[in-house]
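> 3D model of this:
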Amino acid sequence: MANQFTSVEAIIDQAAHGVLAKMPRGRLADRSIEFLVFGLKQAWACLFGGLMLAMILMTRLWWPDIGLYRYDFWFLAALSIQLGMIVFRLETLEEARVILIFHVVGTGMEIFKTAMGSWVYPDPALLRIAGVPLFSGFMYACVGSYMVRIQRIFDISFTRYPPVWMTAFLALAIYINFFSHHYLFDMRWVLFGITIVLYGRSWMHYRVFRFTHRMPMLLAFFLVALFIWIAENIATWGRAWIYPGQEHGWAMVSWSKLGSWYLLMLISVVLVTLVHKPRRHEPAVEAPHLRHNAAGLAPTARHPSSRPEGQISPVERFEGRRL
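Now for the predicted structure:
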């Protein structure tokens, strides 16, 4: 695999293989195992974001008077989580650098956006810059952490990935538009169009357990943005920050924010290419009969019993390799 696991992840991977390899085989069993492993891997990739969201929810439901502001506690806790992931080798130093860049990029946008009244932080904090609590940058770091971790965990490769320099210009234009649209024309629809042109023919291939699945990159982007939008609804309920209209009680975050997260997430995608260069998918490692639907959710590999006796499929030869 091109993107190696960390040492801790390699141990977990080996233990998981020992258990899953003993599971029964068959079309339904294979699909069930793939679905289970997919969910577990996604949860593992969301480790940073999941811990942050759980912390927001718990402190929203109960926060004792301990002489420490909630926002300041979040910052200290998030910093501890990030350092812990590096120390315990759940994240590489190269990945941490990309996450730090996205942290800085996000904090810069936070300072500007709160000054423009796009959203506010209702609670007090000592650790803040220009009215923005320092923990806010870690919310962007959560997205960056997820994006870099799925590259390793799912051994992602691509078909027809656009030139990286073009995606870098797109990411820069997206970031500039987050500022300039307050004064000039909002270019988001133009940026959506450019995204479709660049990534419209691109496919993402990802390895779960026994099989490699594929998905159109535009669909993958949308699904990630959708889950971020759902997490944002939970975070605003926890009063991590609030939008206009949420001052006197929680209301669902506007659907327009889904588009904003779609574009912002693309910046994270481009930053990830600084660590994990887009790797071309090599179809030669897959058997011709391994075809998947457009969303990559239903592998149709034939069960070994359907082959002539003694014939070994490329999949079975490939299964001996470590994810």
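> quick one, strands of the stretch 1-150 of the chain?
For the stretch 1-150 of the chain, the strands defined by DSSP state E, counting those that start in this stretch occupy 128-129, 132-133.
> Take these and lay them out in TSV including mean pLDDT and distance to residue 13.
Quick note: C-beta positions are derived from backbone N, CA and C, even for glycine. Shown next, in TSV, are the strands of the stretch 1-150 of the chain (pLDDT from 0 to 100; distance: least, C-beta to C-beta, whole Å):
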stretch	mean pLDDT	distance to residue 13
strand 128-129	92	40
strand 132-133	94	37
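> Determine which stretch of those is the most buried.
Compared across those, strand 132-133 shows the largest average neighbour count, a mean of 24 (mean count of other C-beta atoms under 10 Å).
> related to what we said a few turns ago, now for the strands of the stretch 1-150 of the chain, which one comes closest to residue 56?
Residue 56 sits nearest to strand 132-133 of all the strands of the stretch 1-150 of the chain, at 12.2 Å, using C-beta to C-beta.
> could you say what helices and strands that closest one packs with?
Judged by 3 or more C-beta pairs under 8 Å, 6 or more residues apart in numbering; DSSP states H and E, strand 132-133 is in contact with helix 70-87, helix 93-115.
> and the ones you listed as TSV, adding mean neighbour count, mean pLDDT and distance to residue 214?
What follows is the helices and strands packed on strand 132-133, written out as TSV (neighbours: other C-beta atoms under 10 Å; pLDDT from 0 to 100; distance: least, C-beta to C-beta, whole Å):
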stretch	mean neighbour count	mean pLDDT	distance to residue 214
helix 70-87	17	93	29
helix 93-115	18	89	24
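> In a markdown table, list these along with distance to residue 187.
What follows is the helices and strands packed on strand 132-133, written out as a markdown table (distance: least, C-beta to C-beta, whole Å):
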| stretch | distance to residue 187 |
| --- | --- |
| helix 70-87 | 32 |
| helix 93-115 | 16 |
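> now for these, which one comes closest to residue 241?
Residue 241 lies closest to helix 93-115 among the helices and strands packed on strand 132-133, at 8.4 Å (C-beta to C-beta).
> what inclination does that closest one have with respect to helix 70-87?
Per axes from the mean of the first three to the mean of the last three C-alpha atoms, to 10 degrees, the angle that helix 93-115 makes with helix 70-87 is 160 degrees.
> Go ahead and name everything in contact with helix 93-115.
82, 85-86, 91, 119-121, 129-132, 134, 136-141, 143-145, 148-149, 175, 178-179, 267-268, 271-272, 274-275 (C-beta atoms under 8 Å, 6 or more residues apart in numbering).
> mind listing the helices for this structure?
Per DSSP state H, the chain carries helices over the ranges 7-20, 27-45, 47-61, 70-87, 93-115, 136-153, 164-180, 188-199, 217-237, 256-272, 314-319.
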